[in-house]
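S.K.: Would you be able to build a 3D model of this:
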Amino acid sequence: MDRLVFNCNQNQKHGLGHFFRCLNLARHLRKINKFKISFIGYFSSFSTSVLINERFSFTNLQSQKNLLASLGKFDYAIIDRYDIDQIFLDELVNLKKTKSIFIDDFNYLDFSNQNLVINFRIGVENYKYDSKLKAIGENFFIFKPELIQVRENYKFREKVKNVLFFGSATDKYNSTFNDLPIFLLNNFRDIEVTHLTNKPLSSKNTRYHPKKFQFSIEKYLNKSDVIFNGGGLIKYEAAFCGIPSATLSTTNEQHDDTLNLENKEVLYNLGNQKIIDKKGVQNRAIEFIKDVSTRKRLHNKGIELFTVKSINNLIEKINEI
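M.R.: Below is the predicted model:
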């Protein structure tokens, strides 16, 4: 059995997206019983608890100094980090035993000496990767295994009753996003709002339901008619499940990505929180809930664009290495 390690971080400086897509892929790979899987990275107490619960071995490594030596002990290394530079990539080539796989977003680096690059973002078909193998586009989307059932169970409803708010990185500074739950409750008397957050809003409204963030998000997706999100991985997950979603991007890079998904008609774009006015976001949020035809189109396009075969497509690429 080959030894495979995921290298990603999840802590106060690094969000959940990289960690979750590594964890999702690890859980799929475990099913084929080909790899002995480990994690190396700088992990928070939350991600540490998830790894323990999922029974994955891990090394909590805060320093970059010993990272290459640690990766060199494995047959495969799957790396998903924004803080990797070209020097690191070039040094990784010296690990003759280790086959390197990168989950990338922006194509900023030279991957020509790497075995495989994965980029499942929408609108990246024209990216010119020089890696030995490529898995590019939504046909290689890494989804959580439980989302297949959510996708099969979701039924589009013209009348919105259950609204989910989720943005793991928005608690820090996106007040426009965080004020939306109460705003919508004040404007729609018959909706219920579930807010996944570790910093619940101060509200006595009985239709506001704050829930502490947890890994088993699918139990909330199952009950949601629509999702409001802050621009991370959840917008892809919503589209995969066919759940209409509205995105207020937290960063400029996320907004560029959101524009690509908007062009494919798989989400509703609320704008970039760095530049758009609060009133404009609120008006668009109301329009999103009221516009049945738009939400129906988002549902249909998401199911049409994403495929449950994407993981099998990706495993086939890994097996080619």
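S.K.: Can you list the low-confidence ranges for the stretch 51-200 of the chain?
M.R.: Residue ranges of the stretch 51-200 of the chain with pLDDT under 70: 168-174.
S.K.: ok, 80 please
M.R.: 63-65, 167-175 (pLDDT under 80).
S.K.: all strands of it, in order?
M.R.: Along the stretch 51-200 of the chain, counting by DSSP state E, counting those that start in this stretch, strands occupy 57-60, 76-79, 99-103, 116-119, 133-136, 162-166, 192-196.
S.K.: Contacts for the first one next, please.
M.R.: Taking C-beta atoms under 8 Å, 6 or more residues apart in numbering as the criterion, the residues outside strand 57-60 that touch it are 37-43, 48, 51, 70. Any C-beta I mention is one placed from the backbone N, CA and C, and that applies to glycine too.
S.K.: Then the last one?
M.R.: Under the contact criterion C-beta under 8 Å, 6+ apart, strand 192-196 has outside partners 161-166, 181, 184-185, 201, 207-214, 217, 220, 223-224.
S.K.: Name the next helix or strand downstream of the strand or helix carrying V281, please.
M.R.: Per DSSP states H and E, V281 falls inside helix 278-290. Counting by DSSP H and E, the next helix or strand C-terminal to helix 278-290 is helix 292-305.
S.K.: Can you give me the buried ones in stretch 222-241?
M.R.: The neighbour-count check on stretch 222-241 (16 or more other C-beta atoms under 10 Å) flags 224-241 as buried.
S.K.: quick one: that stretch to chain centroid distance?
M.R.: 10 Å (C-alpha atoms, centre = their mean, to the nearest Å).
S.K.: Kindly report the same for stretch 217-229.
M.R.: Worked out by C-alpha atoms, centre = their mean, stretch 217-229 lies 14 Å from the chain centre.
S.K.: So what touches it?
M.R.: With C-beta under 8 Å, 6+ apart as the criterion, stretch 217-229 contacts 144, 146-147, 149-150, 153-154, 157, 159-167, 177, 180, 194, 196, 211, 234-235, 237-238, 241, 243-248, 270, 285, 288-289, 295.
S.K.: For it, give the mean pLDDT please.
M.R.: When pLDDT is averaged over stretch 217-229, the result is 95.
S.K.: how long is that stretch from one end to the other?
M.R.: 13 Å (C-alpha to C-alpha, to the nearest Å).
S.K.: picking up where we left off before, okay, the strands of the stretch 51-200 of the chain in CSV with mean neighbour count next?
M.R.: Formatted as CSV, the strands of the stretch 51-200 of the chain follow (neighbours: other C-beta atoms under 10 Å):
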stretch, mean neighbour count
strand 57-60, 15
strand 76-79, 25
strand 99-103, 22
strand 116-119, 22
strand 133-136, 20
strand 162-166, 24
strand 192-196, 21
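S.K.: Who are the contact partners of the residue lying closest to Q62 once chain neighbours are set aside?
M.R.: Sequence neighbours aside, Y42 is the residue nearest to Q62 in space, at 4.8 Å (criterion: C-beta to C-beta, 6 or more residues apart in numbering). Contact analysis of Y42 by C-beta under 8 Å, 6+ apart lists 9-11, 14, 60-62.
S.K.: Out of those, grab the one that's most surrounded.
M.R.: Q10 (25 neighbours; other C-beta atoms under 10 Å).
S.K.: how about that one, phi and psi?
M.R.: phi -150, psi 110 (degrees, to the nearest 10).
S.K.: That one touches R21, doesn't it?
M.R.: No. Q10 is beyond contact range of R21, at 11.1 Å (criterion: C-beta atoms under 8 Å).
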